[in-house]
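In: can't give you the sequence, but here's the structure:
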C-alpha cells in the first residue's frame, strides 16, 4: 500500500513509486544488451556464425590433420605412390602419353588423377590429388588457414585505419576532410592488382628490411598489407558519412561547449555512436577481403605457389578442370561457404544492432 | 555547383598525377627489372644493352624519363610498349576499350533489370517463402568469386554439357567485334554477361529491397495508398523512384570501376581482350608504358564516375549538399 | 492479393520467355561449320592460328613462331632442306649459288649470289643487300645482333652505327655477285649463324625502324598485311623461282590469326574455323583434341634442366650435385609436367643433334642419392629453389623441391615473374643456389649450347647465361678449340660428345626433359599432308605435297 504523501510524483519519488507499482526494479538496458538479445533470437545468423567458426577451427587444425589423418604435408609429392581405396590399390597419378622408340610415336592417353576418396582410403587423399600428387585436403586446409589469416588480418588493419581517418575527417572537416577524401579517392582509383603485383614483385627477392620492420619475401604480410590498404576507402567512406551527419547533432555541440577537446569528442562521443556501423562493416569486410585475396592469388599476385591459398588452388586447378574438376570446384565451394556464412551473420548483426540501420556499403 | 565541379576537377587531376608518379616509382623500385635487357634479346653483348639503353632514353634521370613518357603518352601519342616495339600503347587501349564496354554495358543492363525485378518481387512477396529465398540466392550470388563462377561456367558450357542442345551454341572463349559479326558478338558475350552480373544482381537486389522496405513506412506512401492508388502503382511510381537514389549512386561507382578495368578477372577467365586483360598481361611482363596507360585510363574513369555520381546524387536528393 | 497474383503472372511470363529464347539460341546453328576441301591436295588457303609472334621484320624477329612464317618469306644465303627428319639440319644453298668456300684458317667465307634474283616488288637482289642487312641489324639494335660481332669491323661499327658507315669485314661486288666475309676470330657456328633470318638480305637502304611485313620478300611467299596482335596474311611471291632446295609452296594463301588462349585456338581447329594451330594444348585436353582432330607431335631442340651453382654451398660439392641427379625420377616427371609428352634426358644437347650420344650416368636411385648427401655432409643444408611464374616452371620446381627435401636437404621454393627471372638468377649478387631453366636452340650447332651456357670463359657478373657458374679448365679449353672448327664433321661431333660427357660427369646441371610440342590440324587434313621440318616446324612449302 502506498503511504499517504508519497504519491506525489517528483523526480526523487518516481523510481520508488515505479518499483512499488511493479514490484520489480526497472533496470535500464543498454542498446548493446538489447542488440545481443535480438541477435540471440536470430537463429539463422547464429547458425551461420557457427558455420564460420567451424571453418576457422578446421583450418586452424590443418597441421593436426596433415600429421595424424593424411600423413602428408601440404607440399609433399606422392606422385609415385599407390593408395588402397576401399581395398583396391590405385596409383595416385598414372597414365599419360607413352613413347614408343621403335615407331618414334607417342600413344596419347589421358593422365589419371586419384579422385576424392571420401574416407575410403583411411583419411588419405580425402579430396583427391592434384597434378603433382599432393593431398588436396591438406592443401585445402592450409590454404584456408592462409586465406583466413589474410582476410581477417587485413580486415583488422583496414578497419582500424579507416576508423582513424574517418574520425579525423569527420570531426575536423575543412581541409583535413578534403585531404583525407582525396586520399580515399587516390587509393580507390589505384588498381589493387597493380599494387599487389608490383609490391609483391619488388619484395620477392629480398623482402623488406627497413625502419626496423622485417618482412621476408613470400610473407603473408605482403598481400595482407596491400588488401588492407586498398580497402580503406570502402570502410572509411560510410563511416565518414555517418560521422558527418552525427556532427550536426546537439550532443556533440554540447560536448564541445563543455570544453571537451577533439580527442575526447572523437573517442567518447563519436566513436561509440559509429561502433555498431564499424562492427557490421568489419564483419562484411572480412568476407570481402577473402574474395579479394582469392582473386589476387588466382592472378598470381597474392599468395605465391607452392604455398596454398584458396585462390591459387583454383588457379592451379584450371589446367586440370576437365580431368580433375574437383581441384577447381572444392576450393571455390569453400570460399562460397565461408563468405556466405559471414554475410548472413553480418546481416543478422546489422538487424540486431539497429533494425533500421542505413549502413550503405560501396564496393 | 560550379565551385563544386571545379574543386572536383582539381582533385581529380591531383589524384591522377599522384597515381602516375606512384606507378612509375613502384615500377623502378622493382629489382631485376631492366627494359633495356628485355629489348636487347636473349644473348646480348653488354655493349648492345648499353646501346639499347641509350636509344630508349633509359639512361636518363627518373624525372626526365617520367616527363618524356607523359609527353609521348598524351601529346605525341606514340608511346610504344616495352614488350613489343611494334605495339603502340594508345591504339592498344582504344582497341581494348570497346571490348570492356561491351562486356560491362551488357552486364549492367542485365543486372539492372534483374536486380530491380528481384528486389520488387522480394518486397511484393514479403512474408511468403519467396522473399527469404530470393535473398538467400542474392547472398549466394555475392559470395561467389567471379573468376570461380566463370571457370565453372566454362566447364559446364564448353566441356561437360557442350554437346547437349543447351550449350552447343556456346562458342569458344574470345571476342568478336560488333561491327564484324553482331550475332557472334552476342553469342560470345552471353556467358560472360551472366557471370559478371550475378554478383551485382545479388548486391543491388538487397540494396533495393532494403530501401523499398524503408520507404514503405514513410508518410507519402501511406497517403498514396489512402488515396486509393493500386499497390502496383504505389510501388512502381512512388516507392521505386524514391528508393533509386542509393541504387543510382552505387551503380555509378560500380560502373566506373568496371569500365576502368575492374572486370579484369572476368576478362581473363573468358579470354576477352579488354582493358582489364591488357592491364593483367602488361603486369605479367612488367611492361611499364602499357601499365602506365591502363592505370591512367582506369583511374580517370573511376574518379570521373565518382564525381558524376556525387553530382547526380545531389540533384536527386535535395537534402544532400555536395561537398 | 490481386497484386501478388499479378506479379506471379509476370514471373511466369518472364520465365517462359527466357526459356524460349534459350531454345531459340540453341537451335540456331551457330558456328559449327566443318570444312572439307573437295580436293585436299590443292590447298587454296591455310587458316592457321598461332599463339603469338613478336615481329615480322627479319632483323628483329626472335621467336620460333615468327621464324616459322618468315622462313618462306625472307631467304638467307644458306638455308635448310625442306625435308623431314635429320636431313632437315643440313645446310644447303639458299640465295647463294652454293655452299661457301672457307679459307684454311676458317676466317674467310666466300659466296656468290645466284643470278636473276628478284624481290617481291620486282627489284633485283644485289650482293650489297646482304651487307645492308647486317648493318641494319646494328642500326636497329635488333635482338640477334650479338651473333655477328665476330665479323671483322663489326664491333667497331656496332659502337657507332651509321647508315653510311662501313663494316670492313664484308666485301661485296654487285656486278659479279660475290660476297666475301672476313671474321676477326674464327667461329665454328658461323655457317649456321648466316642461315639465321637475321642475315636475310633486304633492299639496300631499308630504314632500320621496325617494318612488320612491308619489307619485300625473296622467298615463295610474301606478307600481304599485318594487324599487330591480331592477324597477318601471306600470299604467293610471283617473282620467286623455285630451286632444287626451295620448293614453290602449296597453299596460295596463309591466313594467320593470333590467339593467345590455347583452348580457344584448339577449339577453333576442332570446329573447323581454322586448319592448323600451334597452341600448347594443355595435357588435360590433349586426348580430347586428338580424337577430334589430327594431332602431330613435334620434337624440337630444347632441354629443360635444373642448374646448380657450383660456387654456392651445398652445390659446391660434386657429391651433392650427383646425388640430385640420382634422385630425380625423370620418367615420372614427364607424366606429371607434360602429361607424358616429353622425353627424359640426362644430356645437355637434345637428341636432334648429330653429336648426341645418349648419357645415362645417373639412373634413378633414391637410396644412392641419400647416401651421397650423407657422405658430403650436406644433410639439412638450406636451399632456395628458384622458378619463374609460369605453370610448368612452378610445377617442375615444386617437384624438384620435394625431391631435394626427400634426400635430406632443406629446400624451399621462391618464384619470380617471367620478366625479372633471368636477370635475377643471372646476377652474381643474388647468390642463387639452384633453380629451373630451359634452353630452346637458336640455331642447330652445339656452340649455341656449350659456349653460351657452359663455357667458363663467358661468365659475366650480370646477365650471365651460365646459371651454374660452371667453369672447368679442360672443358673450357676444348670448347674454345671446337669454336674454330668451321664444319661439323663426324670427328668434330665426337669431340662434342666427349665434352658433353665430361661436363655431365661434373653435374652442374640436372637435365630432365626434352619437351614435345603438339601441332594440331583439322580432321579434314590427311596425315600425309603434314611435313615437319626439324628446325622450322610445319613446312608450308610442302603442305600436302
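Out: Everything's here; your move. A quick note: this is a predicted structure, and the numbers were derived from the prediction, not measured.

In: if I look at residue C:300, how far off is chain A?
Out: Using Cβ to the nearest Cβ, to the nearest Å, we find residue C:300 at a distance of 14 Å from chain A. For glycine as for every other residue, the C-beta is placed from the backbone atoms N, C-alpha and C.

In: Please give the number of neighbouring residues around that residue.
Out: 18 (other Cβ atoms under 10 Å in any protein chain shown).

In: Is it in contact with residue C:439, as I believe?
Out: No - Residue C:300 sits out of contact with residue C:439 when judged by Cβ atoms under 8 Å, with a separation of 11.3 Å.

In: So which bits of the stretch 201-323 of chain B are right by chain C?
Out: For the stretch 201-323 of chain B, the residues in contact with chain C (Cβ under 8 Å from any Cβ of the partner chain) are B:230, B:231, B:232, B:235, B:271, B:284, B:285, B:286, B:287.

In: Going by neighbour count, which of these are buried?
Out: Neighbour counting with 16 or more other Cβ atoms under 10 Å in any protein chain shown marks B:231, B:235, B:271, B:284, B:285, B:286, B:287 as buried within those.

In: Mind checking which of these land in helices?
Out: Using DSSP state H, B:231, B:284 are the members of these that sit in helices.

In: Could you list the single helix or strand in chain C with the lowest mean pLDDT?
Out: helix C:2-27 (a mean of 61; mean pLDDT, DSSP states H and E).

In: who touches the residue of the stretch 151-300 of chain B at minimum distance from chain A in this structure?
Out: Per Cβ to the nearest Cβ, residue B:299 is where the stretch 151-300 of chain B lies closest to chain A, at 3.9 Å. Taking Cβ atoms under 8 Å, 6 or more residues apart in numbering or on different chains, we find residue B:299 in contact with A:189, A:190, A:191, B:15, B:16, B:19, B:260.

In: And residue A:232, how far from residue C:456?
Out: 53 Å (Cβ to Cβ, to the nearest Å).

In: out of those two, which sits in the busier spot?
Out: residue A:232 (23 against 15).

In: So that one sits against residue A:160, correct?
Out: No - in terms of Cβ under 8 Å, residue A:232 does not count as a neighbour of residue A:160; the distance is 9.5 Å.

In: Spell out the secondary structure type for residue C:46.
Out: strand (DSSP: H, G, I helix; E, B strand; the rest coil).

In: Can you list the low-confidence ranges for the stretch 51-200 of chain B?
Out: Along the stretch 51-200 of chain B, the model assigns pLDDT under 70 to no residue.

In: What parts of it come near chain C?
Out: Checking the stretch 51-200 of chain B against chain C by Cβ under 8 Å from any Cβ, the hits are B:51-52, B:55, B:84-87, B:92, B:117, B:120-121, B:124-125, B:158, B:165-169, B:171-174, B:183-184, B:187, B:190.

In: Residue C:411 versus the closest residue to chain B within the stretch 301-450 of chain C, what's the distance?
Out: Closest residue of the stretch 301-450 of chain C to chain B, Cβ to the nearest Cβ: residue C:420 (3.3 Å). Distance check for residue C:420 against residue C:411: by Cβ to Cβ, it reads 21 Å.

In: got it, and residue A:66?
Out: For residue A:66 relative to residue C:411 (Cβ to Cβ), the value is 18 Å.

In: so where does the closest residue to chain A within the stretch 151-300 of chain C fall, helix or strand?
Out: Residue of the stretch 151-300 of chain C nearest chain A, by Cβ to the nearest Cβ: residue C:287 (4.3 Å). Per DSSP states H and E: residue C:287 is located in helix C:283-292.

In: which residues are in contact with that helix?
Out: Against helix C:283-292 from outside (Cβ under 8 Å, 6+ apart): A:96-97, A:108-111, A:319-324, C:263, C:266, C:270, C:281, C:295, C:338-341, C:518, C:520, C:523.

In: gap between that helix and the chain center?
Out: 24 Å (Cα atoms, centre = their mean, to the nearest Å).

In: The host helix or strand of residue A:162 and chain C in contact?
Out: Assignment of secondary structure by DSSP H and E places residue A:162 within helix A:136-172. No - using Cβ under 8 Å from any Cβ, helix A:136-172 stays clear of chain C, with a minimum separation of 11.5 Å.
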